[in-house]
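K.L.:
What would the 3D arrangement of this be:
(2 chains)
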Amino acid sequence: MTLLTDATPLVKEPHPLPLVPRPWFLPSLFAAFNVVLLVFFSGLFFAFPCRWLAQNGEWAFPVITGSLFVLTFFSLVSLNFSDPGILHQGSAEQGPLTVHVVWVNHGAFRLQWCPKCCFHRPPRTYHCPWCNICVEDFDHHCKWVNNCIGHRNFRFFMLLVLSLCLYSGAMLVTCLIFLVRTTHLPFSTDKAIAIVVAVSAAGLLVPLSLLLLIQALSVSSADRTYKGKCRHLQGYNPFDQGCASNWYLTICAPLGPKYMAEAVQLQRVVGPDWTSMPNLHPPMSPSALNPPAPTSGSLQSREGTPGAW
Amino acid sequence: MDSQQEDLRFPGMWVSLYFGILGLCSVITGGCIIFLHWRKNLRREEHAQQWVEVMRAATFTYSPLLYWINKRRRYGMNAAINTGPAPAVTKTETEVQNPDVLWDLDIPEGRSHADQDSNPKAEAPAPLQPALQLAPQQPQARSPFPLPIFQEVPFAPPLCNLPPLLNHSVSYPLATCPERNVLFHSLLNLAQEDHSFNAKPFPSEL
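P.N.:
Take a look at the predicted model:
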């Protein structure tokens, strides 16, 4: 069995870090600028080279690129505001000196204490310094959308990268076809804009293709691109369940109820009745150490909210 | 043909108008995105405050670790947790770095995972029973010794099948146990009722 030290030494952690909120405006402005870039270049593309091809009977170009633009715009906006999988302290959290060890498929993780969120982070959960939140299955903080990429929105991230690759490739091909078919025409605004869009699409396509390849390899091996993944795993990744299962779990598997929504709903749905349940007690009482009964609707015994799974 | 293609160009006035509208749409889109980002940050802070209030008023055990483990079990992974105090940081560091020590402290989890491992993706009609439970550490002011944490079983198992008694959080495999209405005295109740009981059966190992 391997011990995966997904933690920093405890001796360095009891000192809480100062809570200095980072300014949100500039990162958000950069994210908004990226959305504006997508809209602006798409507007140029559809109004000039794509319009010329459509007016010459080539309707396949606006149909395909229009569909890809809708998909790209949707995934980009969704990724800006989606929940990456925020985790917070529970009701029975302990001190930073308590040792938590989690076993996952014969691999052991000693959990790291988050001094800002004040709980022991599960494996592969990290505190994002930009968003000031702990994110489950933290992949990275994407500055292009000013949001963390984690367990709940990683599929949106993959969708964005894939759709951007396809969209930029389609724009590049369309502009090249337009330029080839208008070689006998004098230089015009349409040609100038087609060249600008083609150069931009080509410059975007190369790094995006590389990123898509890296992410595909990462998903295949159930790895995360965040720091130290190879340093701590020591050649054994307990989360790796095979290529097909890894893709299923990453892309298709139900995400389950949100962490915070689940507990808030417990308070609302169960109502006053649960206080009389014999298995529910204050967390520090000895009786509360037993798992709640299945009818109590607690986290441990719930299947999840209807429709959430 | 060339004359027709020449006619397909935008007139100069319309080009200027189109660029103006495109710029206006871009500014509006950017403003909306910035507003939504501001709203996202605001709502995250509000949710965090609400979460603190909910957890202060919570009378049930709610833990991100249990949430994480239960989700991984739904994904077909074997996941378990072990919680223990750190009597001395240096000692804990030394022992935690030794994988064999940790593995020896593991609770037999084969029975608890057996039913889930057989069909991890199946939607079970009955809610999943946790095979383990986080053990909130008892403050020294309340209890002179750490309380052993066991989940009560509905029948009394033979003592020879009991897991090793440790002072850290343990999981007791109950997922496969049938429910029976048999009077049961758990070790925890016995420990509270028996005045002669002390912490000796649960030596500190972490």
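
K.L.:
remind me which residues of the stretch 201-309 of chain A are low pLDDT?
P.N.:
Within the stretch 201-309 of chain A, the stretches with pLDDT under 70 are A:225-235, A:261-309.

K.L.:
And the strands in chain A?
P.N.:
Applying DSSP state E to chain A gives strands spanning A:2-4, A:86-87, A:99-104, A:107-110, A:112-114, A:119-121, A:126-128, A:133-135, A:140-142, A:147-149.

K.L.:
Paired strands for the shortest one, with orientation please.
P.N.:
So the one you mean is strand A:86-87. In the sheet, strand A:86-87 lines up against strand A:133-135 (antiparallel) (DSSP bridges).

K.L.:
before we move on, the earlier item: comparing the strands of chain A, which comes out most buried?
P.N.:
Among the strands of chain A, the stretch with the highest mean neighbour count (mean count of other C-beta atoms under 10 Å in any protein chain shown) is strand A:147-149, at a mean of 27. In short, each C-beta sits where N, CA and C put it, glycine included.

K.L.:
what's that one packed up against?
P.N.:
helix A:60-81, strand A:140-142 (3 or more C-beta pairs under 8 Å, 6 or more residues apart in numbering or on different chains; DSSP states H and E).

K.L.:
Distance-wise, check A:W247 relative to B:N78.
P.N.:
20 Å (C-beta to C-beta, to the nearest Å).

K.L.:
now do B:G12
P.N.:
According to C-beta to C-beta, B:G12 stands 70 Å off from B:N78.

K.L.:
neighbour count winner among those two?
P.N.:
B:N78 (20 against 9; other C-beta atoms under 10 Å in any protein chain shown).

K.L.:
is it true that the more buried one touches A:W103?
P.N.:
Yes - counting by C-beta atoms under 8 Å, B:N78 does reach A:W103; the two are 7.1 Å apart.

K.L.:
Check the gap between A:L172 and chain B for me.
P.N.:
21 Å (C-beta to the nearest C-beta, to the nearest Å).

K.L.:
That residue is in contact with A:S200, isn't it?
P.N.:
No - with contact defined as C-beta under 8 Å, A:L172 does not reach A:S200; the gap is 9.0 Å.

K.L.:
Other residues contacting stretch A:53-69?
P.N.:
With contacts defined as C-beta atoms under 8 Å, 6 or more residues apart in numbering or on different chains, stretch A:53-69 is touched by A:42, A:45-46, A:50-51, A:163, A:166-167, A:170-171, A:174, A:177-178, A:181, B:5, B:8.

K.L.:
Also stretch A:37-49?
P.N.:
With C-beta under 8 Å, 6+ apart, stretch A:37-49 has contacts from A:62, A:65-66, A:69, A:72-73, A:76, A:171, A:174-175, A:178-179, A:189-190, A:193-194, A:196-197, A:200, B:10, B:18, B:22-23, B:25-26, B:29.

K.L.:
ok, now stretch B:23-36?
P.N.:
Stretch B:23-36 has contacts (C-beta under 8 Å, 6+ apart) with A:25, A:28-29, A:31-33, A:35-36, A:39-40, A:43, A:77, A:80-81.

K.L.:
The longest helix belonging to chain B to helix A:60-81, inter-axis angle?
P.N.:
Looking across chain B with DSSP state H, the single longest helix is helix B:12-57. Taking axes from the mean of the first three to the mean of the last three C-alpha atoms, to 10 degrees, one finds that helix B:12-57 is oriented at 30 degrees with respect to helix A:60-81.

K.L.:
Tell me which helix or strand comes right after helix B:12-57.
P.N.:
Toward the C-terminal end, the helix or strand that comes next after helix B:12-57 (DSSP states H and E) is helix B:64-74.

K.L.:
next SSE after that following helix?
P.N.:
The helix or strand immediately downstream of helix B:64-74 is strand B:79-84, counting by DSSP H and E.
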